[in-house]
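J.: please find the sequence and the predicted model below.
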Protein chains: 2
Amino acid sequence: MRIPLDRDSDEPLYRQIQRFLSEQIQAGALPTGTRLPATRELASSLEISRTTVTNAYAELEAEGLVFSQLGSGTFVAPLLGTLPEPAENLVSAGDWPLWQQQPLDRGQALAQQELAYLFASVAHPDLISFVGGVGAAQLFPVDDFRKAIQAVLRRDGPDALAYGDPAGYPPLRTTIAHILTSQGIPAHPDNVLITSGAQQALALIAYLLLRPGDVVLVESPTYVGAIALFRSMGVRLQGVPVDEQGMRVESVEGLLRTVRPRLVYVMANFQNPTGVCMSGQRRRQLVALANRYNVPILEDDYVGDLRYDGRAQPALKALDPGGHVMYVSTFSKVLMPGIRVGFLVAEGPVYERILAGKHTHDLATSTLMQRALEAYITVGRYQAHLRRVRRLYRCRRDAMLEALERYMPDGTRWELPQGGLFLWLQLPAGLSAEELHSLAGEEGVCFVPGSYFFHGKRPQSFLRLSFVVNPVEVIEEGARRLARAIERLLVRGDDEDASAPRHREVQV
Amino acid sequence: MRIPLDRDSDEPLYRQIQRFLSEQIQAGALPTGTRLPATRELASSLEISRTTVTNAYAELEAEGLVFSQLGSGTFVAPLLGTLPEPAENLVSAGDWPLWQQQPLDRGQALAQQELAYLFASVAHPDLISFVGGVGAAQLFPVDDFRKAIQAVLRRDGPDALAYGDPAGYPPLRTTIAHILTSQGIPAHPDNVLITSGAQQALALIAYLLLRPGDVVLVESPTYVGAIALFRSMGVRLQGVPVDEQGMRVESVEGLLRTVRPRLVYVMANFQNPTGVCMSGQRRRQLVALANRYNVPILEDDYVGDLRYDGRAQPALKALDPGGHVMYVSTFSKVLMPGIRVGFLVAEGPVYERILAGKHTHDLATSTLMQRALEAYITVGRYQAHLRRVRRLYRCRRDAMLEALERYMPDGTRWELPQGGLFLWLQLPAGLSAEELHSLAGEEGVCFVPGSYFFHGKRPQSFLRLSFVVNPVEVIEEGARRLARAIERLLVRGDDEDASAPRHREVQV
């Protein structure tokens, strides 16, 4: 490339190069995707230092005119200025078609707002975040998975990029059946269905079995993604309280008689958000009730593999005599969420119906991701990784418990989670976690207010803390900041009580 | 490893090794995942030839006791014998819970049957198949995509395996907006939503806008996956006939008045299954009608990039003045389906509602696949690949047309497709493509009977031929076989007419 340089000019050489290339790009002489000369080559041909060229390219990149890609060079970027404005800026709200002007129904708007809230909370890198609902990103087995993908693409070629079996890659279904069977959940590959994450398994089952106005029994509190899903369908939720033994099954029978739910949705292990496990006795009772009242159970075992101590109770699925329990799980929590591979296990005619739904929803889950996952598990990496994260998360849980013990003011309470990701904390009487949230943000720590996990009346005194995503020393610092925020809220509460006492919601 | 060998035995050495290892595995002495010694090592330590060891391992692999993995060795396989029987074998149909005994509704059963049929047809490797609904697997850019994944995982690390933005990886949305804008479809990244294939885009829009009993206008014939989706939701389909200018828009206005559809679903380019394009005039008329009657249009441009000749008409989306058209497309056809990345473009409040639906359906599409795709496109590989497949598919289409010209009996008719994947063939009067299918199978060729693309009355005289998946010489041979099958059916028809004339369905 010939770039005219004036060595006597006041304009530095790197500016001259930058200006020349910028003009060429804007004029279209260097179209999008053109590779610029390597810095070494250009420096040599212009007889200048390589740093000068590097500086010029860096300026161009800062302007958005070029980008460096994949260690393979510097390329002319698409001209972003040519994109249209977002339509929202051009059309006023009243101009949208009438069919678009139906307001979001309350349920959907709420769910969106909640999720936006969660995501916004995650997006502050300067905070210590106890928000995340997945494992620690630093532990994602990036390298091993990269190798598994490589190996699969080399081994299977185009087959790894075809549609594949809508029920899922058969060897992966076999592998999952083996893992489940070894955990006491007898599963045959023909009863395993691979889904695009556990969320899709919930959605497929919900869309198949539920109609607007139907009632679903859920734990109260429960997973926000399930609340959002059910609400968006116009399904009514009936909460069953949770205590340290999980869902209070003794109140279920009355509800089965009175509200006649079409489905029971339950997380028996390390429940989200409370972290508690359902007792063995309650599990047996719930399955017996499903049987007696002819109601399907949707068991979401999103994180059952992550037990740090205590004894595992059998899955509801393992106690199911004949096709009442649909079991859902995922690799998102132990491995990583970005592969979007979950699965469900179901027997009987409902399996074929869910499979038909899978096909109409998205045809099939990426066969490449499934094959890579299967290769990764089969060479033994999954079990090794599981042992590693279990060990580490246990330490982090212990660090969280110690730090809470040390810093939390009197009146703050929490349960010991035997596994999973979350700890459920109750504030001293009268405090609101939503109010705490902004104070905590000032102190540099964030969490999910517990109210977001309730679908009806929204108790204010709880918060959910993820103990797995931060290293031990960060957990300690986060807990200290949280304690400071609580103390500030306590003081503020006292001031207010003194000046103008007001109604406070009673705990549930 | 010490394996006792009896060199004086009648049992060959490889058999002795096989038997010993087999017993060890079955007894659990070599647990699942154990790596067997490399053939070279074992041969050396036993002082036998390496071929003997290789033969023993091959026998074990054939028995399913070991598997060789990823070029990294031979491993003990999971004991498949320990898996439970499929539940279907253990429980008689009447024993399933009552809630499971509701029969599949007619629509869903039909869709399933159709799709099973299609898949079963694909699964005969000895046949020449004109069935496939995607591009040729041999052309999937496996290697370039493998490199893109590698590069992305190296560049982004754990971020490439996190959940990511539910609307899609922002740089990919920007890239798609640029591609669309360059094609005359003004799109802003904020109006692009990445989906798990185009099928999910259809499903999200359908679940958002439609309720059981609602009417959707579709082309007749139309895409089976859309028929299956709408039927599974209890939505009623109203067909609009298709001619060589695409959907016959002149009959749409009457339908908008009488059946009051909630949605119009249309493929304006290289319609599936007929391969025809909608004329520019009809496009304008349809958009004007949507505007006048306040009805949304779902434009499925599944293969618009694959034009071989003729002039492109503007997309309906490009003609849309204000938020009536939702545009859907995919990378499955030009690249490969296994990555499961499609997208939609929508403006106005409906975008946010679809996004909320995306979140409840499966949280997000694999960010790894999105990032790899973005890297692949940005370095210019996509455009190069597109040019290559266009050139090749055009040759294949021409080969198909020539072969049909040469071999088809009088009375067989077809249109010239200007792009896409499919050719729509009409049999001589009175013949049935479903009857032809078994004769064609005997001749060694298969296709999709056209009746599967109709949702109501199912005309029998059409068939859909994919011209892209086979090389030119295979296309020619396939067409010859197909012609033979048609001639056999003609003869059979004549015989039947002579002996016992019977009613034949009238063409539509």
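T.: Cool, got the structure. Numbering: from 1, shown residues only, chains lettered A, B, ... in the order given.
J.: show me where the stretch 201-350 of chain A dips below the pLDDT cut-off.
T.: Applying pLDDT under 70 to the stretch 201-350 of chain A flags no residue at all.
J.: next up, the contacts around A:L209.
T.: A:262-263, A:296, B:99 (CB atoms under 8 Å, 6 or more residues apart in numbering or on different chains). Every C-beta, even on glycine, is put in place using the N, C-alpha and C of the backbone.
J.: do that again at 10 Å, thanks
T.: A:216, A:235, A:262-263, A:296, A:298, A:326, A:350, A:353-354, B:99, B:102 (CB atoms under 10 Å, 6 or more residues apart in numbering or on different chains).
J.: show me just the buried residues among those residues.
T.: A:216, A:235, A:262-263, A:296, A:298, A:326, A:350, A:353-354, B:99 (16 or more other CB atoms under 10 Å in any protein chain shown).
J.: any low-confidence regions in chain A?
T.: A:69-71, A:78-94, A:102-125, A:495-508.
J.: pull up the pairing partners for the longest strand seen in it, direction included.
T.: Taking DSSP state E as the criterion, chain A has its longest strand at strand A:236-243. Neighbouring strands of strand A:236-243 in its sheet, by DSSP bridges, are strand A:215-220 (parallel), strand A:246-247 (antiparallel).
J.: the helix or strand just after the last one and chain B in contact?
T.: To tie it back to what came earlier, the one meant is strand A:246-247. Using DSSP states H and E, the helix or strand that follows strand A:246-247 in sequence is helix A:252-258. No. Judged by CB under 10 Å from any CB of the partner chain, helix A:252-258 makes no contact with chain B; its nearest approach is 12.7 Å.
J.: same thing with stretch A:456-476?
T.: No. Residues of stretch A:456-476 are not located near chain B by CB under 10 Å from any CB, the shortest gap being 11.2 Å.
J.: from the chain's centre, how far out does that stretch sit?
T.: Taking CA atoms, centre = their mean, to the nearest Å, one finds the center of stretch A:456-476 at 15 Å from the center of the full chain.
J.: quick one: buried residues of that stretch?
T.: By neighbour count on 16+ other CB under 10 Å, the buried set for stretch A:456-476 is A:458-470, A:474-476.
J.: same deal with stretch A:392-400?
T.: So, applying 16+ other CB under 10 Å, buried residues of stretch A:392-400: A:392-394, A:396-400.
J.: so which of the residues you listed comes closest to chain B?
T.: Chain B lies nearest to A:L392 out of those, by CB to the nearest CB, at 14.8 Å.
J.: not counting sequence-adjacent ones, nearest residue to that closest one?
T.: Nearest residue to A:L392, sequence neighbours excluded (CB to CB, 6 or more residues apart in numbering or on different chains): A:L139, at 7.0 Å.
J.: got it, and A:L237?
T.: With CB to CB, 6+ apart as the criterion, A:L237 has its nearest non-adjacent residue at 4.5 Å, and that residue is A:H455.
J.: what's the answer for A:L298, then?
T.: Nearest one to A:L298, counting by CB to CB, 6+ apart, is A:Y265 at 4.7 Å.
J.: do the same with A:K317
T.: Nearest non-adjacent residue to A:K317, counting by CB to CB, 6+ apart: A:Y327, 3.9 Å away.
J.: which of the three states applies to that neighbour?
T.: State at A:Y327, reduced to three classes by DSSP: H, G, I helix; E, B strand; the rest coil: strand.
J.: quick one on the thing from earlier: show me the buried ones among the contacts of A:L209 that map onto helices.
T.: Of these, the ones assigned to helices by DSSP state H are A:350, A:353-354.
J.: give me the distance between A:L210 and chain B.
T.: 12 Å (CB to the nearest CB, to the nearest Å).
J.: hang on, that residue packs against A:M233?
T.: Yes. Contact criterion CB atoms under 10 Å: A:L210 and A:M233 qualify, at 6.0 Å.
J.: what residues do the two have in common as contacts?
T.: Jointly contacting A:L210 and A:M233 under the rule CB under 10 Å, 6+ apart are A:V216.
J.: ok so, going back, which of the contacts of A:L209 lies closest to B:G239?
T.: Of all the contacts of A:L209, A:R353 has the smallest distance to B:G239: 26.1 Å, by CB to CB.
J.: spatially nearest residue to the closest one (excluding sequence neighbours)?
T.: A:L208 is the one closest to A:R353 (CB to CB, 6+ apart), at 5.5 Å.
J.: tell me who's in contact with that neighbour.
T.: Residues in contact with A:L208 (CB under 10 Å, 6+ apart) are A:326, A:350, A:353-354, A:356-358, B:108, B:232.
J.: again, only using 6 Å
T.: Counting by CB atoms under 6 Å, 6 or more residues apart in numbering or on different chains, A:L208 makes contact with A:353-354, A:357.
J.: so it: helix, strand or coil?
T.: Using three-state DSSP, the secondary structure recorded for A:L208 is helix.
J.: swap in A:L286?
T.: helix.
J.: wait, doesn't it sit right on A:V249?
T.: Yes. Between A:L286 and A:V249 there is a contact under CB atoms under 6 Å: 5.1 Å.
J.: between those two, which is the more surrounded one?
T.: Taking other CB atoms under 10 Å in any protein chain shown, A:L286 and A:V249 do not tie; A:L286 has more neighbours (28 against 22).
J.: domain ranges for chain A, per the record?
T.: Domains of chain A are assigned by automatic domain parsing as A:13-82, A:107-138+A:384-499, A:139-380.
J.: so which of those is nearest B:E41?
T.: domain A:139-380 (19.2 Å).
J.: what about the closest one, start to end distance?
T.: Domain A:139-380 has an end-to-end distance of 17 Å (CA to CA, to the nearest Å).
J.: as a quick check, tell me the outermost residue of chain A.
T.: Distance from the C-alpha centroid of chain A, by CA atoms, centre = their mean, peaks at A:D8 (58.3 Å).
J.: for that residue, helix, strand, or coil?
T.: Recorded secondary structure, A:D8: coil (three-state DSSP).
J.: from A:L127, how far out is it?
T.: Separation of A:D8 from A:L127 (CB to CB, to the nearest Å) stands at 53 Å.
J.: what does the stretch 151-300 of chain A have sitting close to chain B?
T.: With CB under 6 Å from any CB of the partner chain as the criterion, the stretch 151-300 of chain A meets chain B at residues A:151, A:153, A:157-158, A:161-163, A:177-178, A:186, A:188, A:190-191, A:196-197, A:199-200, A:203, A:228-229, A:232, A:294, A:296.
J.: let me fix that: the stretch 301-450 of chain A
T.: A:322-324, A:336-338, A:340, A:347-350, A:356, A:360-363, A:366-368, A:379-380.
J.: quick one: buried ones out of those residues?
T.: A:323-324, A:336-338, A:340, A:347-350, A:356, A:360-363, A:366-368, A:379.
J.: now, those residues that are in helices?
T.: Counting by DSSP H, those contribute A:349-350, A:356, A:360-362, A:367-368 to helices.
J.: adding distance to B:I486, write these out as CSV.
T.: Compiled in CSV, these are given as follows (distance: CB to CB, whole Å):
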residue, distance to B:I486
A:P349, 40
A:V350, 42
A:A356, 33
A:T360, 33
A:H361, 38
A:D362, 37
A:T367, 35
A:L368, 39
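J.: neighbours around A:R307, how many?
T.: A:R307, neighbours per other CB under 10 Å, totals 18.
J.: for it, give me phi and psi.
T.: With angles defined as degrees, to the nearest 10, A:R307 sits at phi -100, psi 130.
J.: pretty sure it contacts A:P417?
T.: No. With contact defined as CB under 6 Å, A:R307 does not reach A:P417; the gap is 10.0 Å.
J.: what segments of the stretch 251-400 of chain A are strands?
T.: A:263-266, A:297-300, A:325-330, A:342-345 (DSSP state E, counting those that start in this stretch).
J.: cool, and the stretch 51-200 of chain A?
T.: All strands of the stretch 51-200 of chain A, identified by DSSP E, counting those that start in this stretch, fall at A:66-68, A:74-76, A:128-129, A:192-195.
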